[in-house]
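[1] Quick one, what's the 3D model for this:
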Amino acid sequence: MSWKWEYAFGAEEAARTAPPSFLAGVEEKANELVRAAEALHVHGRAHTGIDPKGGDIIVPGGMFTYQVVVRSERVYVVQITYLGF
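    Okay, here's the model as predicted:
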């Protein structure tokens, strides 16, 4: 298995109505988070500790909230907020 990111919960539904330029910003930052998590947790499937704290990332037009699940080798985008700025 390799590291990936995906929408979780209601974020996937919200992404269907968000503008493409905003979603492109979310995807770019999510890909950066995946690369960072992969570098930090080289043996993700063998991880026995707790998962790191998630956070909020500001992107042009709004923000998103993410959570890293190391044993699943996933970065989940759990909420997106389009503000239109």
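[2] Figure out the helix or strand that Ala37 lives in.
    Secondary structure from DSSP states H and E places Ala37 in helix 20-40.
[3] Taking helix 20-40 as reference, get the angle to the helix or strand just after that helix.
    Next along the chain after helix 20-40, taking DSSP H and E as the criterion, comes strand 55-59. On the basis of axes from the mean of the first three to the mean of the last three C-alpha atoms, to 10 degrees, strand 55-59 is oriented at 140 degrees to helix 20-40.
[4] Name the residues of strand 55-59 that come out as buried.
    57, 59 (16 or more other C-beta atoms under 10 Å). C-beta coordinates here come from the backbone N, C-alpha and C atoms, glycine included.
[5] Now do it: everything it contacts.
    22, 25-26, 28-29, 33, 63-66 (C-beta atoms under 8 Å, 6 or more residues apart in numbering).
[6] Report the secondary structure state of Arg75.
    I think there's a mix-up here, since residue 75 is Val and not Arg. Counting by DSSP: H, G, I helix; E, B strand; the rest coil, the backbone at Val75 sits in strand.
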